[in-house]
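J.: Provided below for reference: sequence and predicted model.
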Amino acid sequence: MQPIDPETRRRILLIRHVIFDVDGVLTDGRIVYDDDGRELKFFDVKDGHGIKMLMRAGIGVVFLTGRTSRVVEFRARDLGVTDVFQGAKDKTAVFDKILESRGIPAGHVACVGDDITDIPLMRKAGFAFAVADAMPLARRSADYVTRRSGGRGAAREICELILKQQGKWNEVVSRYINFTSHQPDGILRVHTGCDIEKT
């Protein structure tokens, strides 16, 4: 994880919703068709778990993509994400509607992108993430660039970063691990024999 300066941390503390692009962010960008023309995408299970942990901590999650695919519907349903906007040619218009419907300021919303089509949204959001293999212009428009690539752990990296900076990480992880204490050095002291919950 990259070092976080005080101003970046201040802005991360404000995040209450995260808008994820899909292709190239939650997937590796590949689109595969079978012989019947059905579209296939590849998602990372650890990214999905990160999103579920983010929602358990009270952070809203939105999927916003310019393409339309039933695969995205299935993935969202699997994770419990109910705010899914597909076929969005103007992502900033959808962004404005999200802010209006929830009554939240742009400064409380983060977005994650990978291509030039995401840049207008990245500029409007309170905090902009780009995945490691994003196009150069998208990376330059980001407040934070992940170490991991889209569909390969970038979303998990973002989720953990937000949870840790907001001081919610230990509480979320305690669903799976019995802590002996919360140490100021950030090291987790754990009991043996963890209570693991299926996700």
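T.: In hand now; what should we look at? Residues are numbered from 1 along each chain as shown.
J.: Could I get the contacting residues of Leu64?
T.: Leu64 makes contact with Ile19, Phe20, Asp21, Val22, Phe85, Ala88, Lys91, Val94, Phe95, Cys111, Leu121, according to C-beta atoms under 8 Å, 6 or more residues apart in numbering. C-betas here are computed from N, CA, C, even on glycine.
J.: Try it again at 6 Å.
T.: Residues counted as contacts of Leu64 (C-beta atoms under 6 Å, 6 or more residues apart in numbering) are Ile19, Phe85, Ala88, Lys91, Val94.
J.: Next one: the third one from Trp169, what distance?
T.: Separation of Ala88 from Trp169 (C-beta to C-beta, to the nearest Å): 31 Å.
J.: Most neighbours among the contacts of Leu64, which one?
T.: For the contacts of Leu64, counting by other C-beta atoms under 10 Å, the largest number of neighbours falls to Ile19: 25 neighbours.
J.: Quick one: neighbours of Leu163, just the number.
T.: By the criterion of other C-beta under 10 Å, Leu163 has 21 neighbours.
J.: shaky segments in the protein?
T.: Counting by pLDDT under 70, the low-confidence segments of the chain come to 1, 178-199.
J.: Grab the most central residue of it for me.
T.: The residue lying closest to the centre of the chain (C-alpha atoms, centre = their mean) is Ala155, at 4.6 Å.
J.: Counting neighbours, what do you get for the closest residue to it other than its chain neighbours?
T.: Nearest non-adjacent residue to Ala155, counting by C-beta to C-beta, 6 or more residues apart in numbering: Asp47, 3.8 Å away. Counted with other C-beta under 10 Å, the neighbours of Asp47 add up to 25.
J.: so which strand or helix has the residue nearest to the centre of the chain?
T.: Using DSSP states H and E, Ala155 maps to helix 154-165.
J.: what's that helix packed up against?
T.: Counting contacts by 3 or more C-beta pairs under 6 Å, 6 or more residues apart in numbering; DSSP states H and E, helix 154-165 packs against helix 45-56.
J.: what's the spacing between the helix it packs on and its chain's center?
T.: Helix 45-56 sits 8 Å away from the centroid of its parent chain (C-alpha atoms, centre = their mean, to the nearest Å).
J.: Can you spell out which helices and strands pack onto it?
T.: The helices and strands touching helix 45-56, judged by 3+ C-beta pairs under 6 Å, 6+ apart, are helix 70-79, helix 154-165.
J.: Would you mind finding the most buried of these?
T.: When the helices and strands packed on helix 45-56 are scored by mean count of other C-beta atoms under 10 Å, the highest mean neighbour count falls to helix 154-165 (a mean of 23).
J.: Contacts made by it with the rest, please.
T.: Contacts with helix 154-165, where a contact means C-beta under 6 Å, 6+ apart, come from 9, 12, 15, 26, 46-47, 50, 54, 57, 129, 131, 146, 148, 169, 172.
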